[in-house]
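Q: model this:
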Amino acid sequence: MEKKVILVLILALASTVVRCEYYHESSQKFNLKEKVTNLHFYLFDILSGDKPSAVEVARPNKNSGSKSATPFGHVYATDDSLREGPDFNSTVIGNAQGLYLSSSQSDPLTLVLYLDFGFTTGKFKGSSFSVFSRNPITETKRELAVVGGRGKFKLARGFARVKTNYLNTTNGDAILEYHVTLLHY
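A: Now for the predicted structure:
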């Protein structure tokens, strides 16, 4: 008899209905004030040397015959330094980590970027914003889309104006000047 009671209890517990919801309405009120932040820094994208900051991680099966440092279909992983100035001895303020893909079959050379710009010093230490955008790198001035952020850049959106400060077309090394406008909370 005792075994039957235990069996009934086990079956009853096993068939208990659990109420699950994949969302719920929050009763909390967030008094977040939107802020605008303007940033100016330089990104060092170095493909050459013993310790490059960007390396090729994938390429197409077919050889396109391109003499470019970044031929069509090649994918690069990057951990580029962000610096206060355009010189190698200027202060490092963070890094840009992510991927870029060489996406154009002809001129102008275009990349598609996914980069997370993280800051390691100063007021924005521990914060980052993300760019996911087309980047026609041969254009003198171009604009990239900011699609998110974390830390002090929560819910970031905005744009980055990019200007090539230095480009070595043989090895792909580049120093890029960024002027970024972020709307965030």
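
Q: Each with direction, which strands does the strand or helix carrying residue 175 pair with?
A: Using DSSP states H and E, residue 175 maps to strand 174-184. Note on strand 174-184: by DSSP bridges, its sheet partners are strand 35-45 (antiparallel), strand 157-167 (antiparallel).

Q: Run through who's touching the first one.
A: By C-beta atoms under 8 Å, 6 or more residues apart in numbering, the list of residues contacting strand 35-45 from outside reads 53-54, 78, 80-86, 88, 90, 93-94, 96, 153, 165, 172-185. No exception for glycine: its C-beta is placed from N, CA and C like everyone else's.

Q: Which residue is the nearest non-sequential neighbour of residue 85?
A: Nearest residue to residue 85 in three dimensions, chain neighbours excluded: residue 42, at 6.3 Å (C-beta to C-beta, 6 or more residues apart in numbering).

Q: Show me the helices in the protein, by range?
A: In the chain, the helices defined using DSSP state H lie at 2-14.

Q: And the strands in it, which stretches?
A: For the chain, the strands defined by DSSP state E occupy 35-45, 54-58, 75-83, 92-102, 110-119, 128-136, 141-150, 157-167, 174-184.

Q: Of the contacts of strand 35-45, which qualify as buried by neighbour count?
A: 53-54, 78, 80-83, 93-94, 96, 153, 172-178, 180, 182-184 (16 or more other C-beta atoms under 10 Å).

Q: confidence score at residue 33?
A: Per-residue confidence for residue 33 comes out at a pLDDT of 89.

Q: now it: how far from residue 94?
A: Per C-beta to C-beta, to the nearest Å, residue 33 is found 25 Å from residue 94.

Q: where are the low-confidence patches of the protein?
A: Low-confidence segments of the chain (pLDDT under 70): 1, 3, 5-20, 23-24, 27-29, 63-70.

Q: pretty sure residue 177 contacts residue 86?
A: Yes. Shown here, residue 177 and residue 86 form a contact pair, counting by C-beta atoms under 8 Å, at 6.9 Å.

Q: dump the residue contacts of the nearest residue to residue 119 once chain neighbours are set aside.
A: Nearest residue to residue 119, sequence neighbours excluded (C-beta to C-beta, 6+ apart): residue 94, at 4.0 Å. By C-beta under 8 Å, 6+ apart, the contact set of residue 94 is 41, 81, 82, 117, 118, 119, 120, 121, 124, 128.

Q: Burial check on the last one, number of neighbours?
A: Other residues within reach of residue 128 by the criterion other C-beta atoms under 10 Å amount to 22.

Q: ok, it - contacts?
A: Residue 128 makes contact with 94, 116, 117, 118, 119, 149, 150, 151, 153, according to C-beta under 8 Å, 6+ apart.

Q: between the residues you listed, which is nearest residue 58?
A: Nearest to residue 58 among the contacts of residue 128 is residue 116, at 19.3 Å by C-beta to C-beta.

Q: check contacts around that closest one.
A: Residue 116 neighbours (C-beta under 8 Å, 6+ apart): 96, 97, 98, 128, 129, 130.
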